[in-house]
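K.L.:
Okay, sequence plus prediction incoming.
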Amino acid sequence: MTKSFMRAVRQHRASLLVLAGMAGLWQILSMIFRAEALPGEPMVPGWQVLVTKTFLSLSDYWQGGLGVESVATGGKPSYLASLLAVVSNSLDTVIRLYAGLFVGAIIGMLFGLAVSWSSWTRRIVELPAQFLRTLPLLAMVPLFQLWFGTYFVGRVAFVAYGVGVIFFAGVINAVKNVPQIYIDNARTLGATRFQLYRTVILPSIFPELRSTTLLSLGTAWTAELGAEYLGAQSGLGYIIVYSEQFAYLDRMFFVALLFILYASISYAIFNSLSLRLLIWVPRAGRDVLVEPKRAGNALS
Amino acid sequence: MLPEPVASPMIVLTGVSRIFRRADGQLVRAVTDITFEIPQGQFVCLVGPSGCGKSTLLQMIAGLLLPSNGSIRVADSFVTEPSPERGVVFQKDSVFPWMRVVDNVEYGLKCRGMAKGERRTIARDYLTLVGLSHVEDAWPRELSSGMLKRVAVAAVFANGASVLLLDEPFGSLDYVTKRQLHDVLLRLWAQSDGENRRTVLFVTHDVDEALTLADRILVLHSGRLVDDLGIGVPRPRTADSLLMEEMMQRKHELLAHLGLEGAPAPAARREEMT
């Protein structure tokens, strides 16, 4: 564990140095620009502010429970309450985001595959889905709030919509690029249409869907935070809205840092998973040809 | 020497034509009025210059293309779609890169619902026969072109097809690998005899390859069947077999059809050789 961690650190040494440099630059800026939005609320909060005052102030967003009283009901701000507030609001956001991502990816993929399944399914699916694609995502937030509410279902539906349209387009494009030779080979070996989709179309579109999924991850974050920003009851977006009303710039910046952290973790997990799933994809310089046994072995 | 094939027709083409419409709207006749029969168990090579309609004809027999006119029957059934009864080894690499070698070989059997243990045994047997038992768990990306062809051949044989259609399968391989694969193919073909012998239609533009492999050579030119040559030279055939009188005569006839020589002159050539 320690060895693999150290290896990862060595591999990403340059990137980590750049990050450290950016953090240092931020600290220098906080020392140069000392303006305050309100008394005691710096426009550029330094790290000493962020990890003490700012973090402690997040106690405001703890609703109470687990033996820790909320500030609204008379509890004192504490690091434990702050930690619970960050964890609970982060979970709200992340769970809704991944639920929406999952639902959207499945639905978008099914609709995308339906376009190539038969001429009938293409006629039924393609035009309405292409029409839905053109609707601007954030403009749909109020409609989704009215249709599905501002809680779990509404958020998940909205993220699923944003992700689904990307997957729909990505899958259509990826299926078009499946080499005909694989389809012909499967058909002549006896694959049914369902088997063809399960064993040939789906695996062969995976490499192309990798970029679609990365794009969808970004869109999912945008959709989730956009939705929370416009009508939130909980979650990281809700903290930003609340902070903005009181010009708590440091809290907004702190939450933005959390976004970056979670998004980075998401990308790292996805990268790791996709590399495992795509182990079969040829890559220059990696493959070593296995020598065949001599012909005599086969022909003797 | 291999036993003689049973002479009931396995593949019957009657007046088969295929017309394509090009992007500019012009109609192109790729195959015109082809009629022939191939008896069960016969190894037939289809020879002709590039663009003469060989692959189109093969794809129609495979069921991947439908004829514009005429009919194709295989084992007394009209061909309307692909079937595992008609296995195809393609010119391009068709091995699925996302499946390990052994999974590729047993793919057809899996599609038909065969139990895992049974199909794995069959796949391993055929991998041994083509000399790839040591790479059954390898990814296709780790194999050479020749090995990928062996996998494709093993997959088709393992699937139990009664008709094998090979579309210039070894065209891109070096001479040594090609010769090795000829031996592999013939060995697999000769495994069974009588009614179980598979019928093979092998498309090639390589005259020597056709003479080495075939019982019979069909010659296609400009979409039409222009010759039907029997090859009576006994098997196994070696490089020396190609120097035999009958082979030389057939070779000249084939080269003439391909436009590489004038009318065949076997007598003159024989005199020169002696």
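P.N.:
Done, it's in. Numbering: from 1, shown residues only, chains lettered A, B, ... in the order given.

K.L.:
quick one: the helices in chain A?
P.N.:
If you assign secondary structure with DSSP state H, the helices in chain A sit at A:2-11, A:13-32, A:47-49, A:55-57, A:79-117, A:119-133, A:141-148, A:152-176, A:180-188, A:193-196, A:202-231, A:236-245, A:249-277, A:295-299.

K.L.:
Comparing these, which stretch has the densest surroundings?
P.N.:
Mean neighbours per residue, mean count of other C-beta atoms under 10 Å in any protein chain shown, is largest over the helices of chain A for helix A:152-176, with a mean of 23. Using the backbone N, CA and C atoms, a C-beta is placed for each residue, glycine as well.

K.L.:
phi, psi of the residue of the stretch 1-150 of chain A found nearest chain B?
P.N.:
Using C-beta to the nearest C-beta, the closest approach of the stretch 1-150 of chain A to chain B is made by A:S118 at 14.6 Å. Comment: the main-chain dihedrals of A:S118 come out as phi -160, psi 170, following degrees, to the nearest 10.

K.L.:
about what we covered before: I'd like the helices of chain A as CSV, with mean pLDDT appended.
P.N.:
Shown next, in CSV, are those (pLDDT from 0 to 100):
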stretch, mean pLDDT
helix A:2-11, 82
helix A:13-32, 90
helix A:47-49, 87
helix A:55-57, 87
helix A:79-117, 90
helix A:119-133, 78
helix A:141-148, 79
helix A:152-176, 87
helix A:180-188, 95
helix A:193-196, 94
helix A:202-231, 84
helix A:236-245, 84
helix A:249-277, 88
helix A:295-299, 36
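
K.L.:
what's the closest of the ones you listed to B:I34?
P.N.:
The stretch from those with the least distance to B:I34 (C-beta to C-beta) is helix A:180-188; that distance is 20.6 Å.

K.L.:
Distance from that closest one to the middle of the chain?
P.N.:
The chain centroid and the centroid of helix A:180-188 are separated by 35 Å, computed with C-alpha atoms, centre = their mean, to the nearest Å.

K.L.:
which residue is nearest the middle of chain A?
P.N.:
By C-alpha atoms, centre = their mean, the mean C-alpha position of chain A lies nearest to A:L217, the distance being 3.3 Å.

K.L.:
so what's B:A210 closest to, chain neighbours aside?
P.N.:
Nearest in space to B:A210, with sequence neighbours left out and distances taken as C-beta to C-beta, 6 or more residues apart in numbering or on different chains, is B:C45 at 3.8 Å.

K.L.:
May I have the secondary structure class of that neighbour?
P.N.:
The assignment at B:C45 comes out as strand when based on DSSP: H, G, I helix; E, B strand; the rest coil.

K.L.:
So it versus B:Y107, what's the distance?
P.N.:
Relative to B:Y107, B:C45 is positioned 27 Å away (criterion: C-beta to C-beta, to the nearest Å).

K.L.:
now swap in B:L166 and tell me
P.N.:
Applying C-beta to C-beta, the value for B:L166 to B:Y107 is 18 Å.

K.L.:
picking that back up, the residue nearest to B:A210: neighbouring residues, count only.
P.N.:
27 (other C-beta atoms under 10 Å in any protein chain shown).

K.L.:
Next: the one 10 residues further on.
P.N.:
By the criterion of other C-beta under 10 Å, B:S55 has 19 neighbours.

K.L.:
for it, what are its contacts?
P.N.:
Taking C-beta atoms under 8 Å, 6 or more residues apart in numbering or on different chains as the definition of contact, the neighbours of B:S55 are B:91, B:167-168, B:203.

K.L.:
Give the next helix or strand downstream of the helix or strand it falls within.
P.N.:
Per DSSP states H and E: B:S55 is located in helix B:54-62. Towards the C-terminus, the helix or strand next in line after helix B:54-62, according to DSSP H and E, is strand B:69-74.

K.L.:
Now do the buried residues in that next one.
P.N.:
B:70, B:72-74 (16 or more other C-beta atoms under 10 Å in any protein chain shown).

K.L.:
so how far does stretch A:26-38 reach from one end to the other?
P.N.:
The separation between the terminal residues of stretch A:26-38, taken as C-alpha to C-alpha, to the nearest Å, is 20 Å.

K.L.:
Any chance you could list what contacts it?
P.N.:
Counting contacts by C-beta under 8 Å, 6+ apart, the residues touching stretch A:26-38 from outside are A:42-47, A:49, A:246-247, A:249.

K.L.:
Now list the buried members of those.
P.N.:
Buried, going by 16+ other C-beta under 10 Å: A:42-46, A:49, A:249, out of the contacts of stretch A:26-38.

K.L.:
Turn those residues into CSV, including distance to A:I205.
P.N.:
What follows is the buried ones among the contacts of stretch A:26-38, written out as CSV (distance: C-beta to C-beta, whole Å):
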residue, distance to A:I205
A:P42, 49
A:M43, 48
A:V44, 46
A:P45, 46
A:G46, 48
A:V49, 48
A:L249, 44
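
K.L.:
where in the stretch 151-274 of chain B is pLDDT low?
P.N.:
Of all residues in the stretch 151-274 of chain B, those with pLDDT under 70 make up the ranges B:261-274.

K.L.:
how does it look with 80?
P.N.:
B:172, B:192-195, B:259-274 (pLDDT under 80).

K.L.:
Point out the residues in it that sit beside chain A.
P.N.:
The stretch 151-274 of chain B has residues B:152, B:155-156, B:159, B:180, B:183-184, B:187 near chain A, with proximity defined as C-beta under 8 Å from any C-beta of the partner chain.

K.L.:
So which residues of the stretch 51-200 of chain B form strands?
P.N.:
Secondary structure of the stretch 51-200 of chain B (DSSP state E, counting those that start in this stretch): strands located at B:69-74, B:77-78, B:86-89, B:163-167, B:199-204.

K.L.:
is the first one up against chain A anywhere?
P.N.:
The one in question is strand B:69-74. No: with C-beta under 8 Å from any C-beta as the threshold, strand B:69-74 lies outside contact range of chain A, at a closest distance of 12.4 Å.
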